[in-house]
Structure formats: C-alpha cells, structure tokens
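[1] My questions are about this predicted structure, shown below with the sequence.
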Amino acid sequence: MNPFVLALLLSSLGLGTTITFMSSHWLLAWMGLEINTLAIIPLMARHHHPRAVEATTKYFLTQATAAATILFASTMNAWLTGEWDILQLSHPLTSTIAMLALALKIGLAPLHFWLPEVLQGLDLTTGLILSTWQKLGPFALITQVAPATSPTLLVLLGLLSTLTGGWGGVNQTQLRKILAYSSIAHLGWMILILQFAPSLTLLSLTLYLVMTTATFLSFKTSAATNINTLALSWTKTPTLAALTALVLLSLGGLPPLTGFMPKWLILQELTKQGLPLTATLAALSALLSLFFYLRLCYAMTLTASPTTLPTTSPWRLSSTQTTLPLSLATLGALALLPLTPTIGALLTP
C-alpha cells in the first residue's frame, strides 16, 4: 500500500476515535464511528485475498447495521425527549436499543458472531488494530450510556460474554479465532463491573489493550497463525517463546502476572455489591479461558517440532521486525501486579 494512503487511513482512524471521544451530541459521535469504520475497511482488504475480502464485507455490513441502529436509537430519543445529548439518553427503550447496538459494534455476546470470522480473515497487524483501537470509540459511548441502561441487561451481557468467550475458544485451533473469543470474554468482564465501578472498567480495558498488543506482536514476530506453528517458535526465538507463554497466562488471569489484577479487583467489587452468584459464574468462566490459554502454552513450550528439512529453513532467517513495542507491551503484560495497591488507591474516589 502507498505510504501516503496508509498515513491518511491511520490518521483517519485516530480522527474518528477522537471525534467520538470529544462528542456530547449523538450525531457527532455517530460521525466519528463512521469515519473509524471507513478508514479501517481499506486496511482490512489490502491483501486482496478472498478471506480478507470476505472478512471486510462481513465487518462492513455488521458495523453499518450497528451504526444505523445507533442513529435510530438517538433519533427516537430526540423525538421522545427533545434531547440529542449523549448523557440525556433517559428513555428505557432508546437506552436499551443503543446499548445493544454498541454491543454489536464491539462484539459482545450474544451479538458476537461476526468477530471470530472477521478476525480470522485478517493479517495479525490489522487484527491487532481491530482488537484494540476499534474498541475505544464504542466503549467510550457504552460508558456514557451505561447509567441509563437496565442493570440486569448489563449483567446479562457481561455473563453471556464471559461464558461465550470461554466456551467458544475451547475447541479452536486458529490463533486469531482464539484471540477473538479472548476479546469477547475480556469485554464481558468490563461490562459486568461497568455499573458498579467505571474506574475498574477503565483499568481492565487498559490492561487488556497492553496484553493483547503483546500477544499479537509475539505471534507476528514468530509468524504463527495456528497451534501447530507454535511448536516451531522455540527454535526461531526461544526467549520470545518463553515470554509469549507467560503473556498468554497473563491473559488468562493467572497470578502473579498482570492479568490477575483486573479479575481480582472485579471479583472483589462484585462481592462487595452483594452479587456472589455473578462473581462465581465469572470466575468459573475464567477457568474455561485459562484452559485454552494453557493449550497454547503447552504447544509452544512443551512440544518438539518435527526435524524435517522443510521445517528447518525458516529457523535460519533472522527477523527484521521492530521489537521495541513488543518489549514494552510484554513488560506491561507481565510485571504490573505489584502495583495493584497503588493503582487501587488511585482508583478510589
């Protein structure tokens, strides 16, 4: 792709998200989401592969449906209340429709069906953008709409997402689909705690972005797309293979890694709010996610690759990729748990 076109598309991605962040009017927020969607479409289809074109088409249709529904909900709210302000979404019907449309936009269960298929058709770099940056704009709107939404709906969306993210990833062999179900599960945890402690949702989202970035960059560096190719990682980059296994365990929420921090604080807060059953179901769903992360770790660190000639050739090629973002993201994904008391103090009002 032409570097000037690439720069234009990436700047449009940033502009769309910034407009959504700064908006207090539904039409401006909708425009920001549309700019975001239109900017990533060419990035998704740039390889002209049938799978990429299929994924782009599915993504475009899904996002167009969600955006139209958001516009419908905001117009209906303006008709009923005379207000276009995002924080004035006071009618229960419009707030429910808007929340479901935003859930479709980021891939919350039960509106998640497009996400694994779309992510599977993309390369790892575009998949990283889709799994991280594209979540920010809709999530900013979800945070503002949540106070007007039914608490039961939020808990239901959160629990369905954590359970779907756990069950869906158990039988997968493609890494991008596994990361898609991982995304669904993590978003479920964020939605679950949103009405009780928005600051914890922000913390969880930040740490999810760090851990997912480290995972995608690790797979990109080792050119791994399915579980079988993970067995070759230790011969190409042994240090990175060991660190990637730890990053995957951190994504699963295993102490003493960073990923344990948001799950620990969220379960603690749910228990304080008198929701022990919800906390128990969320914790059990985390075990499902941990199972398929352990499968990846086993394939990466405890299996030996076949020693035939075709498999030895890529080992001799040194990588020319930049490793600074990977190093910083991996450090953040592994070493932030000791800062939990400090972060907890900062989050306490």
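    Cool, the structure landed. Numbers count the residues shown, from 1 in each chain.

[2] In this protein, where is pLDDT below threshold?
    Counting by pLDDT under 70, the chain has low-confidence residues at 304-320, 349.

[3] Show me the domain layout of it.
    Here the domain parsing of the chain from automatic domain parsing is 1-149, 151-306+322-349.

[4] Format those domains as CSV; extra columns: mean neighbour count.
    For every residue, glycine as well, the C-beta is placed using N, CA and C. Formatted as CSV, the domains of the chain follow (neighbours: other CB atoms under 10 Å):
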stretch, mean neighbour count
domain 1-149, 18
domain 151-306+322-349, 19
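
[5] Relative to residue 246, how far out is residue 299?
    15 Å (CB to CB, to the nearest Å).

[6] Oh, that last question was meant for residue 136, not what I typed.
    Residue 136 is 26 Å from residue 246, where distance means CB to CB.

[7] what does residue 278 give?
    Counting by CB to CB, the gap from residue 278 to residue 246 is 29 Å.

[8] In which helix or strand does the spatially closest residue to residue 265 that is not a sequence neighbour reside?
    Leaving aside its sequence neighbours, residue 265 sits nearest to residue 200 (CB to CB, 6 or more residues apart in numbering; 5.6 Å). Residue 200 is part of helix 198-221, with elements assigned from DSSP states H and E.

[9] Just after that helix, pick out the following helix or strand.
    Past helix 198-221, the next helix or strand by DSSP H and E is helix 227-230.

[10] Export only the CA atoms of that next one, formatted as PDB.
    The C-alpha coordinates for helix 227-230 follow below in PDB (Å, rounded to 0.1, in the frame of the first residue of the first chain):
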ATOM      1  CA  ILE A 227      -1.500 -24.100  17.200                       C
ATOM      2  CA  ASN A 228       0.800 -26.300  15.100                       C
ATOM      3  CA  THR A 229       3.100 -23.500  14.100                       C
ATOM      4  CA  LEU A 230       3.600 -22.600  17.700                       C
END
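
[11] Other residues contacting that helix?
    173, 175, 222-224, 295-296, 299-300 (CB atoms under 8 Å, 6 or more residues apart in numbering).

[12] of those residues, closest to residue 70?
    residue 175 (31.4 Å; CB to CB).

[13] Does residue 161 touch residue 185 like I think?
    Yes - judged on CB atoms under 8 Å, residue 161 makes contact with residue 185 at a distance of 6.5 Å.

[14] Next, the closest residue to residue 1 other than its chain neighbours: secondary structure please.
    In space, and not counting its chain neighbours, residue 1 is closest to residue 46: 5.2 Å by CB to CB, 6+ apart. Assigned with DSSP: H, G, I helix; E, B strand; the rest coil, residue 46 falls in the coil class.

[15] give me phi/psi at residue 46?
    Per-residue torsions, residue 46: phi -70, psi -20 (degrees, to the nearest 10).

[16] Can you give the contact residues for the strand or helix carrying residue 104?
    Taking DSSP H and E as the definition, residue 104 sits inside helix 92-106. Contacts of helix 92-106 with the rest of the structure, by CB under 8 Å, 6+ apart, involve 33, 62-63, 65-67, 69-70, 72-74, 76-77, 80, 89, 111, 134-135, 138-139, 141-142, 145-146, 148-150, 153-154, 157, 187, 191.

[17] follow-up on the earlier one: tell me the spacing between the residue nearest to residue 265 and residue 18.
    Counting by CB to CB, the gap from residue 200 to residue 18 is 24 Å.

[18] cool, and residue 74?
    20 Å.

[19] Next: residue 41.
    19 Å.

[20] could you list every residue that touches the residue lying closest to residue 88 once chain neighbours are set aside?
    Leaving aside its chain neighbours, residue 88 sits nearest to residue 81 (6.5 Å; criterion: CB to CB, 6+ apart). Shown in contact with residue 81 (CB under 8 Å, 6+ apart): 88, 90-91.

[21] With residue 32 instead?
    15-21, 23, 137.

[22] Wait, a helix at it?
    Yes - assessed with three-state DSSP, residue 32 lies in a helix.

[23] any idea how far the top helix by length along the chain is from the chain center?
    Assignment by DSSP state H gives helix 50-81 as the longest helix of the chain. Centroid displacement of helix 50-81 relative to its chain, using CA atoms, centre = their mean, to the nearest Å, is 19 Å.

[24] likewise stretch 1-13?
    23 Å.

[25] show me what contacts the closest residue to residue 258 other than its chain neighbours?
    Nearest non-adjacent residue to residue 258, counting by CB to CB, 6+ apart: residue 336, 4.2 Å away. Residue 336 makes contact with 207, 258, 261 under the criterion CB under 8 Å, 6+ apart.
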